[in-house]
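*Asks:* sequence first, predicted coordinates after that:
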Amino acid sequence: MCLSATAQAQEVITIKQAVDRMLQNNLNIKQSALNVATAETYVQQSKAELYPSLNGGLNNDFNFGRSLNPATNQLITRNFFSGTANLATSVDLFNGFAKINQIKQNRITLEANYSALDKTKNDLVLQVVTTYFQVVFNEDLLRASREQLQVAQQTLTRESALFDAGNKTTADIAQAKAQVATAELNVTNAQNQLTISYLTLSQLMEMGSDASYKVVAPTIEDITSAQQRYPERDINEAALATFPDLKLARLNREAAAKGVDVARGFLFPTISLGGGLGTRYSYDLAAQPGQIGGGDERLFDQINNNFYQSVGMSIRIPIFNGLASRSNLKRAKISYEGFQIQEQLTKNNLNKVVAQAVADLRAASSRYQSTLNTFNAQAEAFRVNEERFNVGLVNSLDFNTSQTNRNRAEIDFIQAKYDLLFRSKVIDFYLGKEITF
């Protein structure tokens with residue numbers, strides 16, 4: 001039962017599963033999704049502003065002293081109740097197309113928010129991939145450090161036995177102990193780095209710090225396929241067509257252009273059509289039935305008799321309003337120019353990043369082959385020195401130097417191996433491919 005519980009607790013997560021879990025749980029993505037929902041409400045609101053407005057009102061007053069009776073238009077000196085009820089509607093027939101352009105701008109802004117959501121996802125995907133490779137690198141580094149510690153401990157055991165037999169000096173023992181201490185420190189550092197990288201990956205996936213899982217390491221086939229060449233032109237074309245950063249910059253520029261049209265619309269006259277209906281009434285509690293404003297039977301008569309309707313058209317011409325409209329137009333034009341520059345900067349930066357990614361992949365491929373050759377050579381040299389050391393043909397200093405060179409070459413090879421695969425996945429990222437192995 002204990003073995004079963006441990007196996008269930010130790011979940012295995014592939015790089016694709018890590019990305020999917022991040023996309024599902026990450027709070028930054030959820031925040032960007034809320035921005036999309038807010039932009040949708042702005043689109044709906046701007047559409048609704050094209051419809052006629054409709055407002056109703058009801059007003060009741062208690063009058064005392066000499067007051068004007070609104071129902072009879074007479075000045076009277078009595079205490080009475082009076083009231084009005086109305087219903088009014090209006091619609092803009094023309095306002096420089098400001099509302100139409102506002103709808104268009106809000107639609108573009110909505111699409112830009114979708115692109116911003118995609119950009120947030122893209123940025124986080126790259127973070128997950130980077131952290132995932134850091135985890136598998138640290139896993140391999142810890143494995144290599146433990147193997148190096150095991151070799152150092154075996155060497156110390158052998159040196160101690162030879163020292164007891166009188167064939168080694170205290171200097172040889174001290175050297176062997178120093179190698180063990182160094183190997184133990186390397187194991188500790190590798191374990192700490194692995195713990196931190198797992199914690200970072202868990203945070204990106206919004207998992208608890210106590211989550212227990214393992215990652216899947218790439219295979220030799222994955223590393224071999226990572227050495228393939230990619231034409232830089234194809235990567236540029238794919239990135240320019242699909243990358244959300246550039247699409248977001250383009251949409252922001254288009255939204256700013258519509259913002260200029262919206263601001264320009266407020267320089268034109270606004271023509272509105274309106275209408276309304278209403279009534280007035282008053283009621284004097286002290287008046288006798290049949291008197292003006294008195295008796296229950298008179299109240300409904302007043303409502304009917306004072307019922308009115310109105311239809312009208314108005315033109316509002318902006319002549320001078322503190323240069324607010326013209327200043328808004330100038331700011332909108334400046335904003336548009338800024339987004340034009342930002343779009344070009346984004347395009348230039350994307351071209352630079354893609355070119356750098358291609359160059360990094362080529363360099364990583366060359367470094368991988370070089371470190372592989374170096375590691376194989378150092379591992380063979382250490383094997384020979386170990387055999388000669390065991391029969392007394394190599395002193396402790398030369399043996400330890402050979403072991404150190406072998407260990408350093410292995411660490412360099414591990415780093416080059418995962419750097420090559422990571423650079424390959426970065427190219428896949430710019431090509432819009434699914435990142436997996």
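*Replies:* Received it, and whenever you're ready, just let me know what you need. Residues are numbered from 1 along each chain as shown.

*Asks:* all strands for the stretch 151-300 of the chain, in order.
*Replies:* Here the stretch 151-300 of the chain has its strands, by DSSP state E, counting those that start in this stretch, at 213-215, 270-283.

*Asks:* which of those sits closest to T41?
*Replies:* strand 270-283 (24.8 Å; C-beta to C-beta). Glycine gets a C-beta too; all of them are placed from N, C-alpha and C.

*Asks:* relative to N73, which of the strands of the stretch 151-300 of the chain is closest?
*Replies:* Proximity to N73, assessed across the strands of the stretch 151-300 of the chain by C-beta to C-beta, is greatest for strand 270-283 (9.4 Å).

*Asks:* buried residues of the closest one, list them for me.
*Replies:* Buried residues in strand 270-283, defined by neighbour count with 16 or more other C-beta atoms under 10 Å: 270, 272, 274, 276, 278-283.

*Asks:* and if you look at stretch 146-154?
*Replies:* Quick answer for stretch 146-154 (16+ other C-beta under 10 Å): 148-149, 151-152.

*Asks:* low-confidence ranges in the stretch 151-300 of the chain?
*Replies:* The model of the stretch 151-300 of the chain has pLDDT under 70 over residues 227-229, 285-297.

*Asks:* any chance of the buried residues of stretch 146-154 in CSV, with distance to A249 too?
*Replies:* Shown next, in CSV, are those (distance: C-beta to C-beta, whole Å):
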residue, distance to A249
Q148, 49
L149, 52
V151, 55
A152, 55
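
*Asks:* name the nearest of the residues you listed relative to K247.
*Replies:* Q148 (49.0 Å).

*Asks:* show me where the protein has helices.
*Replies:* 2-9, 15-25, 27-48, 98-164, 170-204, 220-225, 232-242, 244-265, 296-305, 324-390, 396-431 (DSSP state H).

*Asks:* how about those in CSV, adding distance to A88?
*Replies:* Formatted as CSV, the helices of the chain follow (distance: least, C-beta to C-beta, whole Å):
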stretch, distance to A88
helix 2-9, 68
helix 15-25, 50
helix 27-48, 18
helix 98-164, 20
helix 170-204, 56
helix 220-225, 72
helix 232-242, 52
helix 244-265, 25
helix 296-305, 18
helix 324-390, 27
helix 396-431, 58
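
*Asks:* who wins for proximity to R66 among the ones you listed?
*Replies:* helix 296-305 (20.5 Å).

*Asks:* how far off strand 270-283 does that closest one point, in degrees?
*Replies:* Between the axis of helix 296-305 and that of strand 270-283 there is an angle of 160 degrees, by axes from the mean of the first three to the mean of the last three C-alpha atoms, to 10 degrees.

*Asks:* check which helices and strands helix 296-305 is in contact with.
*Replies:* Contacting helix 296-305 under the criterion 3 or more C-beta pairs under 8 Å, 6 or more residues apart in numbering; DSSP states H and E are the following elements: strand 270-283.

*Asks:* what pairs with the strand it packs on, and is each one parallel or antiparallel?
*Replies:* In the sheet, strand 270-283 lines up against strand 80-94 (antiparallel), strand 308-316 (antiparallel) (DSSP bridges).

*Asks:* show me the contact partners of that strand.
*Replies:* Outside strand 270-283, the residues that touch it by C-beta atoms under 8 Å, 6 or more residues apart in numbering are 69-72, 80-96, 293-294, 298-299, 302-304, 306-316.

*Asks:* got it, and stretch 409-426?
*Replies:* By C-beta under 8 Å, 6+ apart, the residues outside stretch 409-426 that reach it are 126, 129-130, 133, 136-137, 140-141, 144, 148, 218, 222-223, 225-228, 357, 360-361, 364-365, 367-368, 370-372, 374-375, 377-379, 435, 437.
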